[in-house]
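Colleague: Sequence below, structure please.
(2 chains)
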2 protein chains.
Amino acid sequence: MKARVYVMLKSGVLDPQGEAVRHALATLGFDGVEGVRQGKVIELELTETDATRAEASVTEMCEKLLANTVIESYRVEIAQ
Amino acid sequence: MKARVYVMLKSGVLDPQGEAVRHALATLGFDGVEGVRQGKVIELELTETDATRAEASVTEMCEKLLANTVIESYRVEIAQ
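Modeller: Numbering: from 1, shown residues only, chains lettered A, B, ... in the order given. I've put the predicted structure just below:
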């Protein structure tokens, strides 16, 4: 079973990486970019076959390792 | 208009970051994880209002900056 986790900085948290990308895009002539936010997407190949249990364990992985829940929010997607 | 870009390493390209995450998860006791691939998700706030033109310019941004097309593939999503 495949799971996908999207980890983004919470709104209001400064995103220096996103700012750097926005600045670089402007330098390359892309001026219609008002804001850039960059996060992580993590694809997990799981041996678990039950979707509910898979979601529960991936959520636990996020809480313990994949996301810094103080400044980041995460979303778990289970793909059959 | 909002656009989202997903950048992942092409299959076959070694993902040391993903390996490190898999190893760390195993150390934390998550043993049902066979593989981990990590990539970037970039959210762009665009002044463009036409979806087709927005997709074209974001694709150009990917080709020029956001993705290293030698080892990475990207997917562009335009959100109204």
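Colleague: From now on I want contacts and neighbour counts done on CA atoms only, so please keep to that.
Modeller: Noted.
Colleague: Sheet partners, orientation included, of the longest strand seen in chain A?
Modeller: The single longest strand within chain A, with elements called by DSSP state E, is strand A:33-46. When pairing is defined by DSSP bridges, strand A:33-46 lines up against strand A:2-9 (antiparallel), strand B:33-46 (antiparallel).
Colleague: Can the following helix or strand past the shortest one be said to contact chain B?
Modeller: If I follow you right, that is strand A:2-9. Per DSSP states H and E, the first helix or strand lying C-terminal to strand A:2-9 is helix A:16-27. Yes - if you take CA under 8 Å from any CA of the partner chain as the test, helix A:16-27 does meet chain B, through A:Gly18, A:Val21, A:Leu25.
Colleague: want to try a markdown table for those, with pLDDT as columns?
Modeller: A markdown table is the format used below for these (pLDDT from 0 to 100):
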| residue | pLDDT |
| --- | --- |
| A:Gly18 | 96 |
| A:Val21 | 97 |
| A:Leu25 | 97 |
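Colleague: Neighbour count added to those, as TSV?
Modeller: As requested, the residues of helix A:16-27 next to chain B are arranged in TSV below (neighbours: other CA atoms under 10 Å in any protein chain shown):
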residue	neighbour count
A:Gly18	18
A:Val21	19
A:Leu25	19
